[in-house]
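Peer 1: Predicted model and sequence follow; I will ask about them next.
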Amino acid sequence: MAKPVSRILVINDEHLVLREFVKGLNAAARSLDNPLGIAFSGVTTAKEALAAIESDGDIQAVLVDDTLYTLGKNNGSRRLQVSALELVQRITRFRPELSVYILIAQEKEDDVVDALFTESVDGYFYREERDYRGIYRILNAQIQERARTPFTDQLKNYVWMAKDQWHTPGHSSGESLRGSPWVNDFYEFMGEHVFDADLSVSVPMLDSLMEPKGVIAEAQHMAAQAFGARRTFFATNGTSTANKVIFQTLLAPGEKLLLDRNCHKSVHHGVVLSGAHPIYLDSALNRKYGLYGPVPKNTLFAAIRKHPDAQALILTSCTYDGLRYDLAPIVAAAHAKGIKVIVDEAWYGFARFHPDFRPTALEAGADYATQSTHKVLSAFSQASMIHVNDPTFNEHLFRENFNMHTSTSPQYGLIASLDVARKQAVMEGYKLLSRTLALGKELREQINSTRVFRVLELEDLLPDEVKHDGIRLDPTKVTVDISGCGYTVDDLQKELFERYNIQTEKSTFNTLTLLLTIGTTRSKVSRLYDALMRIARGGKAPRRLVRTPEIPGFTKLRYLPRDAYYCGGELMPVFDDKERVNRALARRVCADQIVPYPPGVPVLVPGQVITRAIAEYLASLLRSQKRMEMHGIVLEGYQPCVRVLKPAEERGLHRIG
Ligand SMILES: Cc1ncc(COP(=O)(O)O)c(C=O)c1O
């Protein structure tokens, strides 16, 4: 197993003093306990310091002498200088996870401490004391503290205590499976610790996710610090649940929510559960590639102006395809009207740990951010985090809603994986993300070099309506135009899977999206390149690709989605007896959410009026896209049907539009 390496950068503009410090500190590191592999190195200028912090992902802490530093030269060749305070600001802006200590002269103590008070400085040392062993001990303890996983450590402790279990789960550390002629193979396949560590609330020393006071509270607190939140909550049922919990906290029935119509389906489910009055905002559509982009800034600003009574706004950033909003001005406009901002960062949980991805939603001022840690960091599936920066956070209400959605037997392995994912992001996130970015760049170049496949860049992806909205691309999402390769997207995915052992993330009729994560390796990149090159060299003539029909615009919401959803309704077929579109569907009100998947954008939501165009759209999808999932369509025998409100039910409901 690789041992950790932790470099600490000492920054001091006096060569001799610096050399003495580095030597003394390294001597202390060698002679004292050093489990994290701490070693000190030094630089004399701000420029060198910033370069080292950028290039060396093993740097865990900096020790900055309080003096003026050379940063470089300006155009007139005058030396540019920065103070220690400015240098600390630049360092923490670049890598907020680093520990920062200041070396000060005793006589300047008060000034320095005052100036750095609001900065994330972890501590001070008197330069003149030259207490290398003392400094080393403190830095070592600080880095060890950040690398702790309080929950996971306790879980391991408990497993090693090997207590007799008179409690759930029923498999009792795997005893029920071990040695069984029928199911031992599952035990062997999964491994003993999966069962040993599958514990839950029955063990008080492991704390309770419903009322954390011990190691879960501690792990959540450390996650909040790491992700830049006031509070962080671990969710064991994905961001799907996280979104619903926040909605039920912020929105009472009938209260307005501004939302992107292209939001994840959990957001639409959250609307039903909370009883909110949704104001749907149409996202921009890239027709050439069938990709739904962000909502145009103008549409957002207009909606905020028109609905100042809205309680909340939710946006997805980045989108599945990696498009990131310029969030700060949108958040500011919403806050100016007292509207809370929730950002669904399901695909962006790593962003805090590399400057190329920042600002995160919280850094841009959002009140809530939900992240599928499992999608992009090293957590188990379903393990997500809810980060809260809402200054008027109602913890009691949040807790009630959180507990309403959380199993009373959460899988503690998921919580451990969140604890570990946070540790990894803090300790080596920058380094791994730098590698991922480099691999992404390489992959893009390699794909383009096939001259058949082409990676879509930001300008290709952006629909015209959002071209000037300051949108950026997360380069870990690589969308490839496959229209020149001679395969349909389904056939290409099949070929990649069956012949080359490659599973991709998502597709449209002419694109394939690949997801790079901190788990992407150079070997995987090479194998993918090899596969695409072979396919490209196969020289198939490009074929006509059938475009998925465009989703019709939103029509009209006549009733609150919750009211419509809870009506019994009746089933109405999409086709009539002669297999034509059933004209009787038009003007009826839908009771369910109808979502063709992909792309997963609802065509209808509960309470929405069905038009002839929508009925025709559904019919055309059902006829032509046999493989597409059609969530919400009910099959009555072979007849695809939509659940609609009965006229009598409509008469009993309050109309909102
Ligand atoms: C934008 C968005 N939000 C939320 C979710 C749900 O996340 P989870 O799978 O963690 O429940 C997804 C899942 O694909 C998503 O794409």
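Peer 2: Thanks, I have it.

Peer 1: Please work out which residue of this protein is closest to the ligand.
Peer 2: At 2.4 Å from the ligand, Gly238 is the closest residue in the chain, using CB to the nearest ligand atom. The C-beta positions use only the backbone N, C-alpha and C, and glycine is treated the same way.

Peer 1: That residue - how many residues pack around it?
Peer 2: Gly238: 20 surrounding residues under other CB atoms under 10 Å.

Peer 1: next one: Cys485
Peer 2: By the criterion of other CB under 10 Å, Cys485 has 27 neighbours.

Peer 1: backbone phi and psi for the residue nearest to it when sequence neighbours are not counted, please?
Peer 2: In this structure, Cys485 finds its nearest non-sequential neighbour in Val452, 5.2 Å apart by CB to CB, 6 or more residues apart in numbering. Dihedral pair for Val452: phi -120, psi -40, per degrees, to the nearest 10.

Peer 1: ok, now the one 10 residues further on?
Peer 2: Recorded main-chain torsions at Leu462 are phi -70, psi 120, according to degrees, to the nearest 10.

Peer 1: Neighbours of it, how many?
Peer 2: Neighbourhood size, Leu462 [other CB under 10 Å]: 21.

Peer 1: so it makes contact with Gly470?
Peer 2: No. Between Leu462 and Gly470 there is no contact under CB atoms under 8 Å: 10.8 Å.

Peer 1: so where do the helices sit in the stretch 401-550 of the chain?
Peer 2: Ranges of helices within the stretch 401-550 of the chain are 412-449, 458-461, 489-500, 522-537, based on DSSP state H, counting those that start in this stretch.

Peer 1: In the second one, which residues are buried?
Peer 2: Under the neighbour-count criterion of 16 or more other CB atoms under 10 Å, helix 458-461 has 460-461 buried.

Peer 1: ditto for stretch 338-354
Peer 2: 339-354.

Peer 1: Could you do stretch 460-470 as well?
Peer 2: So for stretch 460-470, counting by 16+ other CB under 10 Å, buried means 460-463, 465-466, 469.

Peer 1: could you give the mean pLDDT of it?
Peer 2: Averaged over stretch 460-470, pLDDT sits at 95.

Peer 1: contact partners of that stretch?
Peer 2: Identification of contacts with stretch 460-470 by CB atoms under 8 Å, 6 or more residues apart in numbering yields 284-287, 289, 291, 293-294, 296-297, 321-323, 325-326, 459, 471, 473, 479, 481.

Peer 1: again, only using 10 Å
Peer 2: With contacts defined as CB atoms under 10 Å, 6 or more residues apart in numbering, stretch 460-470 is touched by 282-289, 291-300, 319, 321-330, 454, 456, 458-459, 471, 473, 477, 479, 481, 511.

Peer 1: sorry, back to before: if we check the ligand, which of the buried residues of stretch 338-354 are in contact?
Peer 2: 344, 346 (CB under 6 Å from any ligand atom).

Peer 1: of the buried residues of stretch 338-354, closest to His268?
Peer 2: Set against His268, the nearest of the buried residues of stretch 338-354 by CB to CB is Asp344 (12.0 Å).

Peer 1: In contact with the closest one, which residues are there?
Peer 2: For Asp344, the contact set (CB under 10 Å, 6+ apart) comprises 239, 242-243, 246, 259-260, 263-264, 266-267, 314-319, 361, 368-372.

Peer 1: Which of the residues you listed fall within strands?
Peer 2: Applying DSSP state E to the contacts of Asp344, the entries found in strands are 259-260, 314-316, 368-371.

Peer 1: quick one, the strand or helix carrying Glu86 and helix 412-449 angle?
Peer 2: Counting by DSSP states H and E, the element that carries Glu86 is helix 84-94. Helix 84-94 and helix 412-449 are oriented at 90 degrees to each other (axes from the mean of the first three to the mean of the last three CA atoms, to 10 degrees).

Peer 1: Tell me which residues are up against helix 84-94.
Peer 2: Residues outside helix 84-94 that contact it (CB under 10 Å, 6+ apart): 9, 11, 13, 45-46, 49-50, 53-54, 59, 62, 64-69, 71, 82-83, 98, 100-104, 112, 115-116, 118-121, 354-355, 358, 363, 430.

Peer 1: how far out from the middle of the chain is it?
Peer 2: Taking the mean of its C-alpha atoms, helix 84-94 sits 26 Å from the chain's own mean (CA atoms, centre = their mean, to the nearest Å).

Peer 1: again, but for stretch 407-419
Peer 2: Remark: stretch 407-419 is offset 18 Å from the chain centroid, using CA atoms, centre = their mean.

Peer 1: does the ligand sit close to that stretch?
Peer 2: No. Using CB under 6 Å from any ligand atom, stretch 407-419 never reaches the ligand; the gap is at least 11.2 Å.

Peer 1: Buried residues of that stretch, list them for me.
Peer 2: Residues 410-419 are the ones in stretch 407-419 that count as buried (16+ other CB under 10 Å).

Peer 1: And those residues, which is closest to His221?
Peer 2: Closest to His221 out of the buried residues of stretch 407-419 is Asp419 (11.1 Å), distances taken as CB to CB.

Peer 1: picking that back up, in helices, which of the contacts of stretch 460-470 fall?
Peer 2: Of the contacts of stretch 460-470, the ones assigned to helices by DSSP state H are 297-300, 327-330, 458-459.

Peer 1: thinking Val605 is in contact with Lys556, fair?
Peer 2: No. Shown here, Val605 and Lys556 do not form a contact pair, counting by CB atoms under 10 Å, at 11.1 Å.
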